Structures are given as structure tokens and as C-alpha cells.
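S.K.: Need a 3D model of the following:
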Amino acid sequence: MNKQVDDKASTDLERTERQELKVIPFPLARSRERSRRLTQKSARPDQNWSRQLNEDFRDWCRSANPWARLPLVGWGLFCLFHIWNKEFIWWNPFQYFDLGIHELGHWTTMGAGLDISIAMGTLSQWSLPLVVAFAFFRSREYFGVTFCFSWLALSVFHSSWYCGTATESGLVIGQIGESELYHDWNYMLSKIGLLDYDFVVSRYLWNISLLLATFSILSGTWVIRQIFVERKS
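M.R.: As a prediction, this is how the structure comes out:
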């Protein structure tokens, strides 16, 4: 009699625990249920983030001035025209700034070895527009993000021109004291065995600069259109 009471109490207790846990008693099914819940929970922040970004962008559009930003789209068209015609823009306002960042990238990494130091000149020059674009995004200046891609397009285009002179310029292009100044692309392409194909690499960089300039114009135009739409609503 006592055994039957104990068995019944044990069964009732197990049933109660299952109802409280609200999970299937089998370990495999329980694991699948837990995975499903974790997946659903982890999906919510992404959905909220995208919705919040969209609402934040629309709020920003309502207070943004489209006319002050419209000339910058014209600048993007101007850049695209010169890139398409392969005309180097010497008076580009970003040119000397990019050159300074390029040289700074060399000097700040000299202790890491010659290979890294030479490569960091070009990488620093390309990275800066992306860093500024991220800063614009963080500060809710969404049009500024699109403008930075026209800046990056010019930077890559100038690298394309520089790369195209690798063979004819030679490795050493100058000297400061006892230190020789190397042609970046001559050195890098020689290292990977592509010096004879400098014109091919230059062409690829030119194509990338075209795509970046086109993206900057299209995205910038879309942002300005959204500003007009939101300001009317």
C-alpha cells in the first residue's frame, strides 16, 4: 500500500514539474526547444535595430537641408567625369590631405618592417574615408556617408594612376639624405611577381574607383530624394 502511494506521489510530482517547466521531457526534444527559443530571442535585436535605424533615418530626413547637400552630388558627378576620362585632378582638395595620410602611414609603421611600411601608405590613404564615413554614420549624418565614397573613389583613382607608373618610374624615385625613396607599387608588385602586369592592376583599380563614384552619386541622390519626401510628409 505504501509503495503504491509513493509511486503515485512520485508520478504526480514528475507531472507537476513538467507542467512548470513547460518543456518536453525527452532530452533531445528539450534541447531543440531551447535552441528554438534562443534563436527567436537573438533574432529580435536585429529586427529592432533595423527598424530603429529606419525610423532614425526618417527623423533625420525631416530636419535635414537638401539644398545644402545637393552641390556635393554635383561634386560626385565632376569626379566621375574625370575618373571616366582618366584625368588626374591635381587641384583636388583631398589630394594633398590624402598624400599626407599616405606618408604618415609609411612613417608610423617603419618599425614593423619595410613590407608593411610601404603597404600601409596606400592602406592608410584608403582607410581614412571609411573611418570618416563610420564617424558620419555614428553622428547621424547619413548623407556624409555617401559623400565619403566619392572621396574614396578619388583616392583609389589616384592609386590607379600611381600603380600605372610602377614600371617606367623604377624602384627608386628619390632620396632623402642616405635614405632611398621607393615607388610603392613597384616594390609591392615586385614582391608578388606582378610588376609586368602593373597596367592590369591599374585597370582594376580604375574600375573600382568608377564603381565607388557611381555608388556615391546614386546613394547620395537617393538620400536627398528621401529628405524631400519626408519633409513633405
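S.K.: hey, let's count contacts and neighbours off CA atoms from now on
M.R.: Noted.
S.K.: what's around S63, how many residues?
M.R.: Neighbourhood size, S63 [other C-alpha atoms under 10 Å]: 11.
S.K.: Give the closest residue to it in space, chain neighbours not counted.
M.R.: Excluding the flanking residues, the one nearest S63 by C-alpha to C-alpha, 6 or more residues apart in numbering is R231, at 7.5 Å.
S.K.: ranges for the helices of the chain?
M.R.: 2-21, 27-63, 66-84, 95-108, 114-138, 142-164, 166-169, 184-191, 198-232 (DSSP state H).
S.K.: I'd like the average pLDDT over the third one.
M.R.: So that's helix 66-84. Mean pLDDT, computed over helix 66-84, is 90.
S.K.: dump the residue contacts of the residue most central in space within the chain.
M.R.: Central residue of the chain (C-alpha atoms, centre = their mean): L130, 5.9 Å from the mean position. Residues near L130 by C-alpha atoms under 8 Å, 6 or more residues apart in numbering: C148, F149, L152.
S.K.: The residue nearest to S63 contacts R62, doesn't it?
M.R.: Yes: between R231 and R62 there is a contact under C-alpha atoms under 8 Å: 4.7 Å.
S.K.: domain assignment for this protein?
M.R.: Following the assignment in automatic domain parsing, the chain carries domains at 1-63, 67-232.
S.K.: looking at these, which one has the lowest mean pLDDT?
M.R.: domain 1-63 (a mean of 58).
S.K.: deepest of the domains of the chain, which one?
M.R.: Each of the domains of the chain was scored by mean neighbour count; the highest is domain 67-232, a mean of 17, by mean count of other C-alpha atoms under 10 Å.
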